[in-house]
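Asker: coords please:
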Amino acid sequence: MKYVLIALFLLNFSIGFSQIENSKEDDTTKDVEKKAPKAAYNQYRIITLQRDTTYVDTSLTIKKEYEYNYLRKDIFGLLPFANEGQTYTVLDFGLKKFTSFPEIGFSGKQFNYIGVNDIKYYSVATPITELYFKTTMEQGQSIDAFITVNTSERFNMSVAFKGLRSLGKYVNQLSSTGNFRFTSSYNTLNKRYYLNFHFTGQDFLNGENGGITTIEDFESGDGAFSNRARLEVYLKDAKTFMKGKRTFFDHNFRINSTKGDNNLYLTHQFNYENKFFEYNQVTVPSTVGNTNINRFGDSYVTSNINDHTRFNRMYNKVGAIYENSLLGKFQFFAEDFRYNYYYNKILILDSGIISSSLNDKINTVGGQYDYQKSKWNGTFTYSNSISNQPMSNLDARLNYKLNDKNEFIFQYQMVNKIPDHIYNLYQSSYVDYNWNNDFKNEKINNIEATAKTQWLTASLQISSIKDYLYFSNDVTNPQQQIISPKQYDKAINYLSVKVSREFKWWKLALDNTVLYQQVDQKEDILNVPQIVTRNSLYFTNYYFKKALYLQTGFIFNYFTKYYINDYNPVTAEAFVQNEKKVGDFPMVDFFINARIRQTRIFLKAEHFNSKMTGNNFYTAPNYPYRDFMIRFGLVWTFFQ
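Answerer: Reported below is the predicted structural model:
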């Protein structure tokens with residue numbers, strides 16, 4: 001990580017030094033040569049895979065404060081664990097995205113895994129470098145270094161690396177992660193051919209302590225335990241490791257030589273990805289007081305548990321598009337999806353035979369219609385399996401933009417989803433963590449409506465889920481976790497309403513986001529807090545002849561008490577528990593942010609009210625939330 005930082009620093013220093021030298025030359029020859037005009041902001045474009053375009057933004061708003069975190073996005077609805085780079089508890093079920101193809105699972109490791117749709121492509125008039133830095137909990141740092149350059153108007157490439165190391169405040173809580181990204185974009189001179197390509201290499205190493213063993217020590221307020229390393233934990237040498245590599249490209253070719261009112265395109269998308277997950281635990285028994293227990297039940301070995309899961313997938317999508325300037329775009333496509341999820345042996349147990357792998361080939365056909373005219377913009381997609389697996393996806397999205405300040409979005413999705421692999425097959429050195437299932441597909445109907453107006457932003461989501469898959473604990477002993485996957489054969493109906501509004505007066509602003517959730521179900525399977533809220537009161541002003549822009553204030557986060565999901569490190573999955581309710585504690589942060597030209601500086605006192613409200617704050621049973629700490633950092637953008 002440090003070598004990447006040094007290389008980027010030297011690169012920017014050399015560029016900056018050359019610019020200084022060049023500026024001196026310009027001063028001496030300014031009567032002969034004219035300086036190049038500055039590029040406009042719309043010449044620095046950020047483009048998604050779906051061709052949505054935004055522009056590089058160096059402003060400092062309350063939204064930038066929300067996005068200044070390890071995930072580099074607004075995490076409203078996610079509750080982070082105590083150390084940076086660990087998993088998150090999902091408070092807003094509406095954040096869950098539904099896809100029909102199966103994935104590996106291990107969802108606790110997917111929050112900071114950069115997926116295909118998270119990758120951005122660029123087109124910039126001059127090279128851009130961005131450096132993100134933030135202090136961590138203890139003995140480490142968090143960085144995200146990025147550079148992009150256009151060698152010509154038709155070819156762009158970017159390189160980025162996000163790295164983190166943080167020891168954490170509790171025993172065995174180390175996080176050490178890395179996300180490498182390389183992207184390139186290209187189009188021919190006549191603009192008949194377009195290509196987007198990216199490669200990612202990612203790895204996440206986490207110490208897994210299984211939570212604290214005696215919550216009474218934590219909640220007592222005893223000063224002896226203000227040093228959190230003195231609190232006993234279940235696992236002192238367990239760790240998880242996930243890594244993945246992906247090669248992806250998306251390209252299209254226009255058949256007719258000149259673009260007109262009627263155009264025909266050929267398209268192809270390719271994705272090859274492999275992932276590896278390891279759970280390692282040297283010492284099997286856990287010590288609680290003077291007693292030894294097996295936290296995850298009996299094991300086949302007495303020490304050095306080392307469970308490996310491997311997965312690879314290859315995806316090809318080929319299609320043809322007919323584009324009419326009046327009617328829109330009509331696309332027909334076929335998909336080929338192949339996967340291999342495997343272990344290195346077949347297990348013959350008393351309970352039955354546990355196979356060594358899941359592998360299959362899934363073929364689908366489908367169509368997509370895109371319409372954009374005046375104030376309307378819509379995309380309608382349907383795909384269905386033509387191979388043995390019953391699988392389908394219907395996704396309809398319609399936008400109506402009344403004007404620049406008012407927009408309405410409607411979306412309907414109906415998914416017949418193949419289960420993620422971890423539900424159907426898992427092998428472990430722990431006796432009860434071996435299963436071979438054949439679950440039904442999950443069926444999801446989801447309706448969303450969003451209004452983005454000049455007065456407020458409001459969204460409504462209604463979901464109906466059948467054959468919902470989840471994990472739950474099979475033992476009643478609170479000191480043990482023996483979880484297994486289950487399928488709920490009844491319907492679960494979910495409703496959420498989220499409203500955001502910012503009020504401004506003078507140099508003060510109050511930004512509010514409130515989420516209301518309700519679940520209709522026969523049993524407590526899908527548990528969510530009824531209310532989640534975030535309220536920010538802050539002051540902004542310019543100083544030093546507007547050279548400095550200052551932003552300071554308070555952020556209040558809160559969610560109502562509910563049966564929060566617990567976390568299991570062996571499977572890196574959250575599981576349902578109905579023994580302990582968590583919530584109803586305020587989390588207040590104080591921040592001071594500043595912008596000097598293209599540099600944004602952040603200083604925050606996180607959860608500074610923790611000593612005032614008592615030690616009753618958790619992200620999961622036995623996993624305390626973060627204590628008060630002061631963290632700082634910056635985001636520095638260079639336009640070269």
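
Asker: please enumerate the strands of the stretch 101-250 of the chain.
Answerer: For the stretch 101-250 of the chain, the strands defined by DSSP state E, counting those that start in this stretch occupy 121-124, 128-135, 141-152, 155-166, 175-187, 193-207, 238-254.

Asker: partners of the next helix or strand after the last one, with directions?
Answerer: Following strand 238-254 in sequence order, the next helix or strand is strand 262-283 (DSSP states H and E). Sheet pairing of strand 262-283 (DSSP bridges) gives strand 238-254 (antiparallel), strand 303-324 (antiparallel).

Asker: got the CA coordinates for the first one in CSV?
Answerer: In this case it means strand 238-254. Listed next in CSV are the C-alpha coordinates belonging to strand 238-254 (Å, rounded to 0.1, in the frame of the first residue of the first chain):
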residue,chain,number,x,y,z
ALA,A,238,-9.7,-16.9,14.1
LYS,A,239,-9.6,-15.1,10.8
THR,A,240,-11.4,-15.0,7.4
PHE,A,241,-9.9,-14.2,4.0
MET,A,242,-11.7,-13.6,0.8
LYS,A,243,-10.1,-12.7,-2.5
GLY,A,244,-11.4,-12.3,-6.1
LYS,A,245,-10.3,-11.4,-9.6
ARG,A,246,-12.5,-10.3,-12.4
THR,A,247,-11.9,-9.6,-16.1
PHE,A,248,-14.8,-7.8,-17.8
PHE,A,249,-15.5,-6.1,-21.2
ASP,A,250,-18.6,-4.7,-22.8
HIS,A,251,-18.5,-3.7,-26.5
ASN,A,252,-20.8,-2.9,-29.4
PHE,A,253,-20.5,-2.4,-33.1
ARG,A,254,-22.8,-0.4,-35.4
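
Asker: so how far is that strand off the chain centroid?
Answerer: Offset of strand 238-254 from its chain centre (CA atoms, centre = their mean, to the nearest Å): 14 Å.

Asker: quick check: buried residues in that strand?
Answerer: 238-246, 248, 250-252, 254 (16 or more other CB atoms under 10 Å). In short, each C-beta sits where N, CA and C put it, glycine included.

Asker: circling back to that earlier point, let's have the strands paired with strand 262-283 in CSV, adding distance to residue 387 and mean pLDDT.
Answerer: Listed next are these as CSV, based on distance: least, CB to CB, whole Å; pLDDT from 0 to 100:
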stretch, distance to residue 387, mean pLDDT
strand 238-254, 23, 97
strand 303-324, 14, 96
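
Asker: hey, where'd the helices end up in the stretch 451-600 of the chain?
Answerer: When assigned using DSSP state H, counting those that start in this stretch, the stretch 451-600 of the chain turns out to have no helices.

Asker: how near is the residue lying closest to residue 294 once chain neighbours are set aside to residue 296?
Answerer: Distances taken as CB to CB, 6 or more residues apart in numbering place residue 285 nearest to residue 294, at 6.1 Å, with adjacent residues excluded. From residue 285 across to residue 296, the span is 11 Å (CB to CB, to the nearest Å).

Asker: can you check residue 185 too?
Answerer: According to CB to CB, residue 185 stands 47 Å off from residue 296.

Asker: let me see the contact set for residue 171.
Answerer: When contacts are counted by CB atoms under 8 Å, 6 or more residues apart in numbering, residue 171 touches 209, 229, 231, 232, 233, 236.

Asker: pLDDT, neighbour count and distance to residue 159 for these - can I get that in JSON lines?
Answerer: Compiled in JSON lines, the contacts of residue 171 are given as follows (pLDDT from 0 to 100; neighbours: other CB atoms under 10 Å; distance: CB to CB, whole Å):
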{"residue": "209", "pLDDT": "95", "neighbour count": "27", "distance to residue 159": "35"}
{"residue": "229", "pLDDT": "93", "neighbour count": "14", "distance to residue 159": "38"}
{"residue": "231", "pLDDT": "95", "neighbour count": "20", "distance to residue 159": "41"}
{"residue": "232", "pLDDT": "95", "neighbour count": "16", "distance to residue 159": "44"}
{"residue": "233", "pLDDT": "95", "neighbour count": "24", "distance to residue 159": "38"}
{"residue": "236", "pLDDT": "95", "neighbour count": "16", "distance to residue 159": "38"}
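
Asker: what bits of the stretch 451-600 of the chain have low per-residue confidence?
Answerer: For the stretch 451-600 of the chain, no stretch is flagged by pLDDT under 70.

Asker: residue 239 against residue 283, yeah?
Answerer: No. Shown here, residue 239 and residue 283 do not form a contact pair, counting by CB atoms under 8 Å, at 11.9 Å.

Asker: re earlier: ok, how many other residues are close to the residue nearest to residue 294?
Answerer: 13 (other CB atoms under 10 Å).

Asker: ok, now residue 61?
Answerer: Counted with other CB under 10 Å, residue 61 comes out at 16.

Asker: and if you look at residue 219?
Answerer: Counted with other CB under 10 Å, the neighbours of residue 219 add up to 15.

Asker: relative to residue 622, how far out is it?
Answerer: Taking CB to CB, one finds residue 219 at 12 Å from residue 622.

Asker: spatially nearest residue to the residue minimising distance to the centre of the chain, not counting backbone neighbours?
Answerer: By CA atoms, centre = their mean, the mean C-alpha position of the chain lies nearest to residue 111, the distance being 4.1 Å. In space, and not counting its chain neighbours, residue 111 is closest to residue 88: 5.1 Å by CB to CB, 6+ apart.

Asker: show me what contacts the one you found?
Answerer: 75, 78, 79, 80, 81, 111, 619.

Asker: I'd like these written out as CSV, with pLDDT and distance to residue 333 added.
Answerer: Formatted as CSV, the contacts of residue 88 follow (pLDDT from 0 to 100; distance: CB to CB, whole Å):
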residue, pLDDT, distance to residue 333
75, 96, 34
78, 97, 33
79, 97, 39
80, 97, 38
81, 97, 40
111, 95, 30
619, 96, 41
